[in-house]
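> 3D model of this:
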Amino acid sequence: MEKELLDLINKINETLVKINVREETKELFSESNKLIEKSDKRVENSLNQIQNSFDRIHDKAFNFNNILIGVFMVLGTFPNDEPKLKIWTVVFPLLNLIYIVYIDFRQMEIHRFASREQEWNNVEREKFGNMINIQTKLSLIALLFSILFLVW
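Residues are numbered from 1 along each chain as shown. Below is the predicted model:
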């Protein structure tokens with residue numbers, strides 16, 4: 001009877017050890033999941049900040065270009081007898097405005113493409129990165145055109 005009791009106590013002890021190991025594993029997974037969730041939130045926040053920065057910079061370039069259009073129009077018509085600029089020069093900031101609208105349209109398409117991210121394969125992920133890089137370069141070109149028109 002003593003042997004049976006010892007066997008039973010050993011089985012109970014083994015079961016308790018297994019239960020403790022499971023609980024420790026659950027705690028480790030729980031902590032790991034919390035760290036991963038925090039990291040995911042930081043990544044999402046960073047992506048949102050990048051997009052917000054792009055939008056703010058692009059809005060400023062858009063507004064600056066609109067101001068240039070107004071300045072070119074004023075300088076092209078004032079004073080009446082000898083204007084400071086030829087009125088046709090307003091075409092350049094107008095073309096830049098059309099270019100900026102095109103960039104906004106591309107940005108909308110990038111967002112539309114990104115909305116299907118969960119369905120992407122590796123090729124599409126690379127395509128998204130290329131789209132973002134090209135978009136950044138196009139925006140920089142629009143900003144440089146605006147500055148060039150101001151200096152001109």
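> If we ignore the residues flanking it in sequence, what's nearest Phe92?
Spatial nearest neighbour of Phe92, excluding adjacent residues (C-beta to C-beta, 6 or more residues apart in numbering): Phe149 at 5.4 Å. The way it works is simple: take the backbone N, C-alpha and C, and place the C-beta from them, glycine included.
> which other helices and strands contact the helix or strand containing Glu31?
For Glu31, the host element (DSSP states H and E) is helix 2-77. Here helix 2-77 touches helix 91-114, helix 122-151, going by 3 or more C-beta pairs under 8 Å, 6 or more residues apart in numbering; DSSP states H and E.
> In JSON lines: those, plus mean pLDDT.
Formatted as JSON lines, the helices and strands packed on helix 2-77 follow (pLDDT from 0 to 100):
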{"stretch": "helix 91-114", "mean pLDDT": "89"}
{"stretch": "helix 122-151", "mean pLDDT": "88"}
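> can you list those in a markdown table and add mean neighbour count and distance to Lys38?
Listed next are the helices and strands packed on helix 2-77 as a markdown table, based on neighbours: other C-beta atoms under 10 Å; distance: least, C-beta to C-beta, whole Å:
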| stretch | mean neighbour count | distance to Lys38 |
| --- | --- | --- |
| helix 91-114 | 15 | 22 |
| helix 122-151 | 14 | 23 |
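> would you turn those helices into a markdown table with distance to Ser39?
Below are these laid out as a markdown table (distance: least, C-beta to C-beta, whole Å):
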| stretch | distance to Ser39 |
| --- | --- |
| helix 91-114 | 19 |
| helix 122-151 | 18 |
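> which residues sit in contact with the nearest residue to Thr89 once chain neighbours are set aside?
What sits nearest to Thr89 in space, not counting adjacent residues and going by C-beta to C-beta, 6+ apart, is Phe72, at 5.6 Å. Residues near Phe72 by C-beta atoms under 8 Å, 6 or more residues apart in numbering: 85, 89-90, 92-93, 149.
> Same question for Phe54.
107, 135-136, 139.
> gap between it and Trp88?
33 Å (C-beta to C-beta, to the nearest Å).
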